[in-house]
Every structure is written in structure tokens, then in C-alpha cells.
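Trainee: Prediction below, plus the sequence it came from.
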Amino acid sequence: MAEDDAQVVPLKGAITNLNWFDAQRKHYETPDQIARRFKLPDDDAMRAFCHGAAAMLDRSTAQFIRRVPCAPDDAWSFLADTAKARQWLFGVEWELRAGGAFRFPEADLGVAAQGLVAELHPGQVLALEAEDGGVRFEVQDASGSARARRDIPNYAGAITEFRVTNRVSRAAGAPERLRETTAEQVAQPGGPGTHCVGVVAAWHRAASLLQQTAFEEANLYWPPERAIGLDLEALVAAYAKLLPAYYKA
């Protein structure tokens with residue numbers, strides 16, 4: 001493990017994140033009160049946020065895992081079917097072939113908005129590369145996973161684990177601040193070569209939107225507390241607290 005990563009504590013898992021939030025609690029606060037202090041509506045939403053928060057694989061790589069109620073081939077259609085992909089992936093436009101161009105016309109500030117398809121293994125892996133980073137999508141059967149079954153209770157069908165791994169260039173700095181963008185969103189707690197708060201929040205939202213869309217397609221109940229994953233303002237506020245702790249800023 002690199003020296004910079006040795007003291008990393010939060011963003012490794014739901015329990016660790018919840019422990020971090022708990023450590024910020026004032027002695028008189030209830031769980032709902034501490035959640036609201038971090039712009040999360042209540043304790044259920046805070047737990048849902050922590051459950052779906054980024055796993056920081058290293059200083060420049062954030063991974064989101066979402067389990068969806070369908071077989072891997074059906075999960076892959078959320079990429080292969082461009083109309084479906086546009087619903088959750090920043091309005092993507094692409095040539096879905098190795099070497100093909102891609103563009104995210106609805107990308108939030110700091111998200112790598114255009115580049116090339118670097119790797120494509122239909123049904124399994126899609127990797128996109130841009131000048132300032134890249135993103136890798138992976139699908140794998142999780143039907144036999146007890147954790148996946150807990151994630152989608154009262155459901156006996158196929159389950160797929162969908163992984164979204166976003167990497168920023170080790171030299172990438174914070175994007176130029178735009179008039180309508182908050183300093184909190186542009187903040188880069190780890191310095192050059194690490195994620196901006198808004199980029200992590202944007203990918204969290206995209207991954208949650210994918211999961212919500214998959215649940216709707218399967219006519220399954222999507223717990224309302226998970227809607228916190230679609231609230232970009234709340235996600236920015238939560239990551240603005242967690243990321244500095246991760247990077248020891």
C-alpha cells in the first residue's frame with residue numbers, strides 16, 4: 001500500500017462510513033439530527049447513502065457497485081441499448097465498438113465528457129478512455145451471492161452486480177470553476193490527480209439512476225430511501241465531508 005493511502009479510513013464500506021458519520025455526532029444529537037446536519041433528510045437516507053457510497057480503490061479510483069434484478073444479458077442492455085444508456089449515463093452518444101468515439105452531452109462539471117471506447121467485451125466489460133481519466137463498466141452474475149440477496153430482498157430471480165469504476169488522471173487538476181458551480185462541487189480534497197467532490201457525486205447519481213431504472217423495468221419496489229442517490233445537492237454535501245477525511249486533507 002502506498003504511503004499516501006496508509007491512513008485511509010472512510011469510503012471503504014457502508015459500516016466504515018456510518019462509523020465516520022457517528023464520530024461527528026454531538027452528544028445531544030439523534031440519528032436523524034446528525035443526518036440533517038450533513039444535508040441528508042434522515043437516518044434511513046444516511047444509511048442508504050453509505051450503502052451506495054463510492055469505494056475508493058486508491059487515490060485516483062472510485063468504484064460504485066449496484067445490484068440489479070435481472071440476468072447479466074439484460075443488465076448489459078443498459079449499455080448496449082443506447083436508448084437505455086442515455087437514461088442514466090449523462091445522455092451518452094457513442095459508437096459502441098473498440099476505438100469508437102463517445103460523448104456525454106449531459107455530463108456534470110469535471111466528468112470526462114468525451115473520448116474513445118478502449119475495451120469492449122460484449123456482455124462483460126466496457127471501458128472508456130478520455131484525456132483526463134476513464135470509466136470501466138463490468139457486469140457479473142451475482143445470483144448466488146448472499147449479500148446480493150440481502151440487497152434485493154423478497155426477490156427470487158436472477159441478480160447481476162453492475163460495477164462502475166471511475167479513474168482520474170494522476171495529473172488532473174480541478175476544472176475551471178463556472179459561474180453556476182459551487183466551490184464545494186469543484187473542491188478537490190486530495191489535490192491534483194484525485195476526484196473532485198462533484199465528480200464522485202455525479203457518478204454516484206448515475207449508478208443509482210441505473211439501479212432505479214432496472215428496478216422499474218423489473219416492476220420491483222425500489223426503497224424510497226435510496227432516492228438520496230439521485231439528489232445531487234445532497235450527494236455533493238455528503239462527499240464534501242467524507243472525501244477530506246479520506247484524503248486526510
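Mentor: Received it, and whenever you're ready, just let me know what you need.
Trainee: Please count neighbours and contacts with C-alpha atoms only from this point.
Mentor: Will do.
Trainee: Distance of residue 55 relative to residue 102?
Mentor: For residue 55, the distance to residue 102 equals 25 Å [Cα to Cα, to the nearest Å].
Trainee: Next: residue 144.
Mentor: 34 Å.
Trainee: Residue 121 now?
Mentor: 16 Å.
Trainee: and residue 156, how many neighbours does it have?
Mentor: Other residues within reach of residue 156, judged by other Cα atoms under 10 Å, total 10.
Trainee: what's the pLDDT at it?
Mentor: pLDDT recorded at residue 156 is 93.
Trainee: What of residue 2?
Mentor: pLDDT, residue 2: 38.
Trainee: Can you pick out the residue with more neighbours from residue 121 and residue 102?
Mentor: Each of residue 121 and residue 102 has its neighbours counted (other Cα under 10 Å); residue 102 has more, 20 against 11.
Trainee: Do a quick rundown of the helices in the chain.
Mentor: Ranges of helices in the chain, per DSSP state H, are 14-23, 31-37, 43-52, 72-80, 82-88, 146-151, 183-186, 197-217, 232-247.
Trainee: Residue 140: which of those is closest?
Mentor: helix 72-80 (6.1 Å; Cα to Cα).
Trainee: Any stretches of the chain with poor pLDDT?
Mentor: Residues of the chain that meet the criterion pLDDT under 70 lie in 1-12, 176-180, 249.
Trainee: Mind checking which residue lies nearest the centre of it?
Mentor: residue 204 (2.6 Å; Cα atoms, centre = their mean).
Trainee: Report the separation between the residue lying farthest from the centre of the chain and residue 110.
Mentor: The centre of the chain is farthest from one residue, residue 28, which by Cα atoms, centre = their mean lies 32.1 Å away. Distance, residue 28 to residue 110, by Cα to Cα: 38 Å.
Trainee: One more: residue 73?
Mentor: 31 Å.
Trainee: Over to residue 131?
Mentor: Separation of residue 131 from residue 110 (Cα to Cα): 12 Å.
Trainee: Those two: which is more packed in?
Mentor: Each of residue 131 and residue 110 has its neighbours counted (other Cα under 10 Å); residue 110 has more, 23 against 13.
Trainee: wait, what's in contact with the more buried one?
Mentor: If you count contacts by Cα atoms under 8 Å, 6 or more residues apart in numbering, residue 110 has them with 174, 175, 186, 196, 198, 199.
Trainee: ok, 7 Å please
Mentor: 175, 199 (Cα atoms under 7 Å, 6 or more residues apart in numbering).
Trainee: same deal with residue 221?
Mentor: Neighbour list for residue 221: residue 215 [criterion: Cα under 7 Å, 6+ apart].
Trainee: before we move on, what about residue 43?
Mentor: With contact set as Cα under 7 Å, 6+ apart, residue 43 has these partners: 31, 32, 35.
Trainee: if you set the cut-off to 8 Å instead, what comes out?
Mentor: Residue 43 touches 31, 32, 34, 35, counting by Cα under 8 Å, 6+ apart.
Trainee: and it, how far is that from residue 29?
Mentor: 12 Å.
Trainee: Same question for residue 83.
Mentor: Noted for residue 83: a distance of 46 Å to residue 29, by Cα to Cα.
Trainee: cool, and residue 69?
Mentor: Per Cα to Cα, residue 69 is found 37 Å from residue 29.
Trainee: between the two, which one's more packed in?
Mentor: The neighbour comparison of residue 69 against residue 29 (other Cα under 10 Å) goes to residue 69, with 28 against 12.
Trainee: So what does the more buried one have for phi and psi?
Mentor: Residue 69 adopts backbone torsions of phi -90, psi 70, taken as degrees, to the nearest 10.
Trainee: quick revisit: rebuild the helices of the chain as TSV, extending it with distance to residue 138.
Mentor: As requested, the helices of the chain are exported to TSV (distance: least, Cα to Cα, whole Å):
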stretch	distance to residue 138
helix 14-23	21
helix 31-37	32
helix 43-52	17
helix 72-80	9
helix 82-88	14
helix 146-151	16
helix 183-186	27
helix 197-217	12
helix 232-247	23
